[in-house]
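Engineer: Need a 3D model of the sequence below.
(4 chains)
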Protein chains: 2
Amino acid sequence: MATKRSYNDACGTGHALDLVGERWALLVVRELLLGPKRYGQLRTDLPGISTNVLAQRLTELEASGIVRKHRLPAPTAAEAYELTDWGLELEPVVRALGRWAVRSPAHDRTAHLSPTSFILSLRTNFDPDLARGVHARYELHLNDEVFQVLIADGTLHAARGHQQQPEAVITARPSALAGVVYGGRPLADAVAAGDVRVEGDPGSVARLAAVLSLPPLVTPAG
Amino acid sequence: MATKRSYNDACGTGHALDLVGERWALLVVRELLLGPKRYGQLRTDLPGISTNVLAQRLTELEASGIVRKHRLPAPTAAEAYELTDWGLELEPVVRALGRWAVRSPAHDRTAHLSPTSFILSLRTNFDPDLARGVHARYELHLNDEVFQVLIADGTLHAARGHQQQPEAVITARPSALAGVVYGGRPLADAVAAGDVRVEGDPGSVARLAAVLSLPPLVTPAG
DNA sequence: CAGCATCCCGATTGATACTG
DNA sequence: CAGTATCAATCGGGATGCTG
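Structural biologist: Numbering: from 1, shown residues only, chains lettered A, B, ... in the order given. Below you'll find the model as predicted:
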């Protein structure tokens, strides 16, 4: 562990990969983009990561100034990990990667999806042109985490926390909701199957789907 | 090799890392962003990559539809590798990573820099606001590769090939030129040391540096 | 249980030698 | 030149143990 391996590349991209190019590193960053998380939460949101790798990545990211330990407010008295301001600036990178990769023919949209990933996907795939004149407020309950979504003035705001006056409260697992808003699965099907629950205006879910657009799949001919 | 390891993540970012997250993969892509290259050229531009890893990455990238083999025009009759249209769309990712990482305190700007990296850095760090009213044409000879740079109408064009009517032809190793345009090293020093050679208007180099701006280093306090 | 540290094993990487 | 083959070193994944 004396000398960490490096690309020794003066190019910013090469150095970036020294910092966040190790396996799992950027996914850890992604999971922290919406705010601090505890160790155990990271483990459940990143199924497949081993506990030692997670610990090591957190140590490395902290040493690089990307992540910092954060003591949660009084009642819990536990520690959490959060991105530094600079670490937060990785969101454009995460989004650019996501926007690029959803075009992949090999992309499996039915795989596991974390609540954070779903919320970030809204930011990534929101199309202002489709949102002209749309005003909507949602509260999303994804795996017991609560998020607020506000569409107004051609912008989308999606973050942790409760939404005031939501026109719909949607409860689902992230992948189930993705199947509806991205995969074109009829909401009625998902509701009937118990995969999605909507309290409030059910029609509002279609309005959410209508402001999102995925780039076209790459044609096999390349 | 039966089952390639995967993050099994429906999030686009996770899938992106399945595609280009292996070690060296994104640097291979970076080196191909300005056009096809031969195997040996990739090896010299990526010092430190082993030949077996390069071969494996090329095979994987080709299987994913990111890279394709390209037969060079008649006289050479050799093979080269080039990005598919979709692979070319990774340029925003590469740039976003670069723009983020140059703020790192750990960034070593004196390390190796490939010609491609330098040209891409011009695209990444060009600031249109600094280029109002600027018109300039350069030809860059970096490690025997020839590039054209045109600044006009608040835009920068940088690509392979010769430049018509350049006001300066600059010959240097990429890291030496970077020391001048990014590192603030006086051009006269670099010329005197034999690190940079300018044919044409020497003052034009300062005009190139003047349209580039690096984001500020992260403060240690985070 | 949170947050690691240890140990083992298979997979990946890196350096080098070799071949068409 | 353009890879392939080989082998040692390292890394990642999984199980487990330890410490509050």
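Engineer: Report the residue ranges of every domain in chain A.
Structural biologist: A:12-101, A:115-210 (automatic domain parsing).
Engineer: right, so the ones you listed: which one is the most enclosed?
Structural biologist: Counting by mean count of other C-beta atoms under 10 Å in any protein chain shown, domain A:12-101 has the highest mean neighbour count of the domains of chain A, with a mean of 19. (Glycine included, C-beta is placed from N, CA and C.)
Engineer: And DNA strand C, is that domain touching that?
Structural biologist: Yes: against DNA strand C, domain A:12-101 shows contacts by C-beta under 7 Å from any atom of the strand at A:38-40, A:51-52, A:55-56, A:58-59, A:78-80.
Engineer: Nearest the geometric middle of chain A, what residue?
Structural biologist: Geometric centre of chain A, nearest residue: residue A:117, 2.2 Å, by C-alpha atoms, centre = their mean.
Engineer: Following element in sequence after the helix or strand harbouring that residue, please.
Structural biologist: Using DSSP states H and E, residue A:117 maps to helix A:115-125. Later in the chain than helix A:115-125, the nearest helix or strand by DSSP H and E is strand A:136-142.
Engineer: if we look at that next one, which residues are touching it?
Structural biologist: A:115, A:118-119, A:146-152, A:162-174, A:177, A:204, A:207-208 (C-beta atoms under 8 Å, 6 or more residues apart in numbering or on different chains).
Engineer: Can you flag which of those belong to strands?
Structural biologist: A:146-152, A:168-172 (DSSP state E).
Engineer: which one among those residues gets closest to DNA strand C?
Structural biologist: residue A:146 (18.5 Å; C-beta to the nearest atom of the strand).
Engineer: For the nearest residue to the closest one once chain neighbours are set aside, give its distance to residue A:140.
Structural biologist: Nearest non-adjacent residue to residue A:146, counting by C-beta to C-beta, 6 or more residues apart in numbering or on different chains: residue A:162, 5.7 Å away. Counting by C-beta to C-beta, to the nearest Å, the separation of residue A:162 from residue A:140 is 10 Å.
Engineer: shared neighbours, the two?
Structural biologist: A:146, A:148.
Engineer: what about chain A, any weak spots by pLDDT?
Structural biologist: A:1-3, A:72-77, A:220-222 (pLDDT under 70).
Engineer: List, one by one, the residues from it near DNA strand D.
Structural biologist: So far as C-beta under 7 Å from any atom of the strand goes, chain A lies against DNA strand D at A:1, A:4-5, A:22-24, A:48-53, A:56.
Engineer: who touches residue A:42 in this structure?
Structural biologist: Contacts of residue A:42 by C-beta under 8 Å, 6+ apart are A:28, A:31-32, A:49, A:54, A:58, A:81.
Engineer: and what of residue A:117?
Structural biologist: Contacts of residue A:117 by C-beta under 8 Å, 6+ apart are A:30, A:174, B:9-11, B:13-14.
Engineer: ok, now with 10 Å
Structural biologist: A:27, A:30-31, A:33-34, A:45, A:94, A:98, A:124, A:142, A:174-175, A:178, B:9-14 (C-beta atoms under 10 Å, 6 or more residues apart in numbering or on different chains).
Engineer: does the biggest helix by length in chain A come close to chain B?
Structural biologist: Of all the segments of type helix in chain A, defined by DSSP state H, the longest one is helix A:51-63. Yes: residues of helix A:51-63 contacting chain B under C-beta under 10 Å from any C-beta of the partner chain: residue A:63.
Engineer: List the contacts of that helix.
Structural biologist: By C-beta under 10 Å, 6+ apart, the list of residues contacting helix A:51-63 reads A:1, A:4, A:19-20, A:22-29, A:32, A:39-40, A:42-43, A:46, A:49-50, A:66-69, A:81, A:83-84, A:87, B:106.
Engineer: how does it look with 6 Å?
Structural biologist: With contacts defined as C-beta atoms under 6 Å, 6 or more residues apart in numbering or on different chains, helix A:51-63 is touched by A:24-25, A:28, A:67, A:81.
Engineer: Start and end of stretch A:190-202, how far apart?
Structural biologist: Stretch A:190-202 has an end-to-end distance of 12 Å (C-alpha to C-alpha, to the nearest Å).
Engineer: Quick one: distance of that stretch to the chain centre.
Structural biologist: Mean-position distance between stretch A:190-202 and its chain equals 22 Å (C-alpha atoms, centre = their mean, to the nearest Å).
Engineer: can you check stretch A:110-121 too?
Structural biologist: Chain-centre distance of stretch A:110-121: 5 Å, with C-alpha atoms, centre = their mean.
Engineer: Next: stretch A:163-170.
Structural biologist: Centroid separation for stretch A:163-170 versus its chain: 20 Å, with C-alpha atoms, centre = their mean.
Engineer: For that stretch, which outside residues touch it?
Structural biologist: With C-beta under 6 Å, 6+ apart as the test, stretch A:163-170 has contacts from A:137-140, A:148, A:198-201, A:204.
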